[in-house]
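In: Need the 3D shape of this:
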Amino acid sequence: MPTIQSFPLDAFVVAAEFLGPEPVFALGDGNVALVDGASAEKHAVHSGGLLAAARTLDGNRLITTGDDGRVVAIDAGGKIDEIALQPKKWIDQVACGPDGVIAYASGRQVFVRFANGKERVLEHERTAAGLAFAPKGLRLAVARYNGVSLWWIGTDAKPTEFEWKGSHLGATFSPDGKNVITTMQENSLHGWRVADGGGHMRMSGYPGKVKSMSWSAKGRFLATSGAEMAVLWPFHFKDGPMGKQPLQLGTRDQIVTFVACHPTEEVVAIGYKDGMVLAVRFADSDEAILRKPGEGGPISALAWDKKGIRLAFGTEGGQAGVIDLAS
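Out: Below is the predicted model:
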């Protein structure tokens with residue numbers, strides 16, 4: 001049976017990650033909690049609210065942004081470095097790419113900061129609502145009103161504009177870089193096939209908004225929240241999910257609030273509005289209860305460690321913990 005190590009953190013858990021083997025939790029009150037043995041130590045990172053967080057691709061640092069205009073990096077030892085400062089700006093989006101590149105956004109401006117300290121500003125006509133780097137890191141997708149902009153970050157070229165009416169809030173590239181998908185203010189996703197110049201993919205039918213997306217280990221499926229089950233769209237066909245039925249895993253009478261695909265196996269961890277966490281296998285829908293419905297309200301964050309043996313979780317009500325499947 002899995003064992004659970006729990007930590008009452010008393011603040012909305014914005015993100016849960018692992019820095020190497022160590023769990024880390026970004027909290028909405030401006031703190032980052034680092035786990036040391038049986039306890040979690042809070043480190044004051046932002047003077048106001050912490051709005052977004054992303055782990056660097058090398059897995060060594062967590063990048064956080066806040067309403068104090070700061071972009072901050074923290075490592076597993078608690079070392080804090082200020083990477084950038086935009087006074088009087090709310091920085092509510094952040095993404096990490098290869099070779100130490102970071103993108104963050106405030107309003108209509110997206111800032112791309114390279115490992116050598118050089119910074120570039122990308123201007124948009126509307127608010128930048130979601131950021132995602134392509135797998136090789138050469139392009140950045142910026143979700144916005146009426147579509148998504150794809151920038152070549154190393155050149156001065158104008159972005160490629162993919163249009164679809166509505167407010168696009170989040171973005172992700174498929175692991176092969178051939179597709180870009182956005183979440184929308186409507187209860188749906190929209191996608192474009194980058195390789196053929198923006199062929200459309202529409203994924204709808206959700207009872208709620210999709211706020212969490214996660215690609216399976218081999219990029220065959222995109223798992224999503226927003227329904228009373230995890231909805232997994234198939235992307236291993238020429239036209240992606242168009243005309244295909246998605247997998248529907250972990251059906252309950254509770255809305256799925258967060259999903260996290262296993263790093264090596266076709267298994268997805270599913271977090272629900274009542275705080276429950278399930279692990280479900282794609283092949284036969286076999287389910288394992290990892291956390292029963294409990295304190296802290298809806299699951300707001302999930303993350304597997306590199307080996308896929310431990311799962312970190314956080315809730316909207318400030319409960320956090322680590323589920324060890326090897327115990």
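In: and stretch 282-290, how far out from the chain's middle?
Out: Taking CA atoms, centre = their mean, to the nearest Å, one finds stretch 282-290 lying 22 Å from the centre of the chain it belongs to.
In: hmm, who's touching it?
Out: 2, 216, 221, 232, 247, 249-250, 266-269, 276-280, 311, 323, 325 (CB atoms under 8 Å, 6 or more residues apart in numbering). C-betas here are computed from N, CA, C, even on glycine.
In: Which residues belonging to it are considered buried?
Out: For stretch 282-290, a neighbour-count test (16 or more other CB atoms under 10 Å) marks Phe282, Leu290 as buried.
In: One more: stretch 310-327?
Out: Buried residues in stretch 310-327, defined by neighbour count with 16+ other CB under 10 Å: 310-323, 325.
In: try stretch 23-37
Out: Quick answer for stretch 23-37 (16+ other CB under 10 Å): 23-35.
In: Out of the residues you listed, flag the one nearest to Gln185.
Out: If you rank the buried residues of stretch 23-37 by distance to Gln185 using CB to CB, Gly28 comes first, at 21.7 Å.
In: Quick check: that closest one touching Gly48?
Out: No - judged on CB atoms under 8 Å, Gly28 makes no contact with Gly48 at a distance of 10.1 Å.
In: So which residues of the stretch 201-327 of the chain form strands?
Out: Secondary structure of the stretch 201-327 of the chain by DSSP state E, counting those that start in this stretch: the strands cover 213-215, 221-224, 230-234, 247-249, 256-261, 267-272, 277-281, 287-291, 299-304, 310-315, 319-324.
In: Serialize the ones you listed to TSV and add fields for distance to Asp176 and mean pLDDT.
Out: Converted to TSV, the strands of the stretch 201-327 of the chain look like this (distance: least, CB to CB, whole Å; pLDDT from 0 to 100):
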stretch	distance to Asp176	mean pLDDT
strand 213-215	10	98
strand 221-224	12	98
strand 230-234	14	98
strand 247-249	19	98
strand 256-261	15	98
strand 267-272	19	98
strand 277-281	23	98
strand 287-291	29	97
strand 299-304	21	98
strand 310-315	26	98
strand 319-324	30	97
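In: Of those strands, give the one that comes closest to Arg120.
Out: Ranking the strands of the stretch 201-327 of the chain by their distance to Arg120 (criterion: CB to CB) puts strand 213-215 first, at 26.3 Å.
In: Check which helices and strands that closest one is in contact with.
Out: Helices and strands touching strand 213-215, by 3 or more CB pairs under 8 Å, 6 or more residues apart in numbering; DSSP states H and E, are strand 160-173, strand 221-224, strand 256-261.
In: and that strand, which strands flank it?
Out: Strand pairing for strand 213-215, determined by DSSP bridges: strand 221-224 (antiparallel).
In: Show residues contacting the strand it pairs with.
Out: So strand 221-224 is contacted by 172, 174, 181, 189, 203, 206, 210, 212-216, 230-236, 241, 247, 259-261, 266, 268, 282 (CB under 8 Å, 6+ apart).
In: which residues touch Ala227?
Out: By CB under 8 Å, 6+ apart, the contact list for Ala227 reads Tyr206, Pro207, Gly208, Gln248, Ile255, Val256.
In: Try it again at 7 Å.
Out: Contacts for Ala227 were tallied using CB atoms under 7 Å, 6 or more residues apart in numbering; they are Tyr206, Pro207, Gly208, Val256.
In: cool, and Gln254?
Out: Residues near Gln254 by CB under 7 Å, 6+ apart: Glu228, Tyr272, Lys273, Asp274, Met276.
In: So what pairs up with Phe258 in the strands?
Out: So, taking DSSP bridges as the rule, Phe258 has Gly271 as bridge partners.
In: Next, count neighbours for it.
Out: By the criterion of other CB atoms under 10 Å, Phe258 has 25 neighbours.
In: That one against Ile299, yeah?
Out: Yes - the criterion here is CB atoms under 7 Å, and Phe258 meets it with Ile299 at 4.8 Å.
In: and for these two, which residues touch both?
Out: Gly271.
In: Now do the end-to-end distance for stretch 133-146.
Out: Its start and end residues considered, stretch 133-146 measures 19 Å (CA to CA, to the nearest Å).
In: for the record, mean pLDDT for it?
Out: Averaged across stretch 133-146, the pLDDT comes to 96.
In: What lies in contact with that stretch?
Out: With contacts defined as CB under 7 Å, 6+ apart, stretch 133-146 is touched by 95, 97-99, 101, 103, 110, 112, 124, 126-132, 148-154, 163-171, 173, 175, 177, 180, 182.
In: quick one on the thing from earlier: and the strands of the stretch 201-327 of the chain as a markdown table, adding distance to Asp196?
Out: Shown next, in a markdown table, are the strands of the stretch 201-327 of the chain (distance: least, CB to CB, whole Å):
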| stretch | distance to Asp196 |
| --- | --- |
| strand 213-215 | 20 |
| strand 221-224 | 18 |
| strand 230-234 | 18 |
| strand 247-249 | 25 |
| strand 256-261 | 26 |
| strand 267-272 | 29 |
| strand 277-281 | 33 |
| strand 287-291 | 38 |
| strand 299-304 | 33 |
| strand 310-315 | 37 |
| strand 319-324 | 41 |
